[in-house]
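Asks: compute the structure for the input listed below.
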Amino acid sequence: MTRSEDAYHDCHCGSNTTYQRCCEPLHLGLLTARNAEQLMRARFSAYKLKINSYLVQTHHPAKRPPDLLASLKAQSDIEWHSLDILNKPTSKNINEAFVEFKAVFSQKNCPGMLHEQSRFLSENGAWYYIDGIHHDSPYVFPTRNEPCWCGSRQKFKKCHGLKR
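Replies: Model prediction:
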């Protein structure tokens, strides 16, 4: 599915609205994120859709690795499936916020989970990803009849059931 075909489907970030009304305007530069959670969701959708330019643009310039774009391109075999925001952004400073999330992904058809508390800063009306603290979250394969990890709503055995 191309980005334009994707526009009328549910947004990948889990916001329960269409991509066209949710993350697409941010990805196209028509809007900027109003808060850290919105930026977190837009960045997840950008990872899912491989919009690397948006990921580079929203990574704080002072913390942006010089090889970020090359690193993102090298991760092209990672497929992002679902995002779960675990808390509302918190901070005592209105220009800084922390968002804890879990994101399910697969690489070479092997599932994994990223559990992170991300830090965001707002400067001159724009939010940026700064860094994150990774939490250990070993991924446990679902059993045959549990929902698949990819979010398809199918049973694991019918969707991504792997021979282990």
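Asks: tell me how far stretch 59-75 lies from the chain's centre.
Replies: Mean-position distance between stretch 59-75 and its chain equals 15 Å (Cα atoms, centre = their mean, to the nearest Å).
Asks: next helix or strand past the longest helix along the chain?
Replies: In the chain, taking DSSP state H as the definition, the longest helix is helix 36-49. Using DSSP states H and E, the helix or strand that follows helix 36-49 in sequence is helix 52-57.
Asks: can you name the residues in contact with that following helix?
Replies: By Cβ atoms under 8 Å, 6 or more residues apart in numbering, the residues outside helix 52-57 that reach it are 26-27, 42-43, 46-47, 64, 68-69, 72-73. Bear in mind the C-beta positions are built from the backbone N, C-alpha and C, glycine included.
Asks: pull the CA atoms of that helix into PDB?
Replies: Output in PDB follows, covering the C-alpha atoms of helix 52-57 (Å, rounded to 0.1, in the frame of the first residue of the first chain):
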ATOM      1  CA  ASN A  52      13.300   8.700   7.100                       C
ATOM      2  CA  SER A  53      13.400  12.400   6.300                       C
ATOM      3  CA  TYR A  54      10.700  13.100   9.000                       C
ATOM      4  CA  LEU A  55      12.600  11.000  11.600                       C
ATOM      5  CA  VAL A  56      15.800  13.000  10.900                       C
ATOM      6  CA  GLN A  57      14.000  16.300  10.900                       C
END
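Asks: immediately after that helix, which helix or strand?
Replies: helix 68-74.
Asks: mind exporting the C-alpha coordinates of the next helix or strand after that next one to PDB?
Replies: For helix 68-74, the following helix or strand on the C-terminal side (DSSP H and E) is strand 78-85. Extracted C-alpha coordinates of strand 78-85, given in PDB (Å, rounded to 0.1, in the frame of the first residue of the first chain):
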ATOM      1  CA  ILE A  78      12.500  -3.800  10.300                       C
ATOM      2  CA  GLU A  79       8.700  -3.900  10.000                       C
ATOM      3  CA  TRP A  80       6.800  -1.900  12.700                       C
ATOM      4  CA  HIS A  81       3.400  -3.300  13.700                       C
ATOM      5  CA  SER A  82       1.800  -1.500  16.700                       C
ATOM      6  CA  LEU A  83       2.400   1.300  19.200                       C
ATOM      7  CA  ASP A  84       1.100   1.300  22.800                       C
ATOM      8  CA  ILE A  85       1.500   4.600  24.700                       C
END
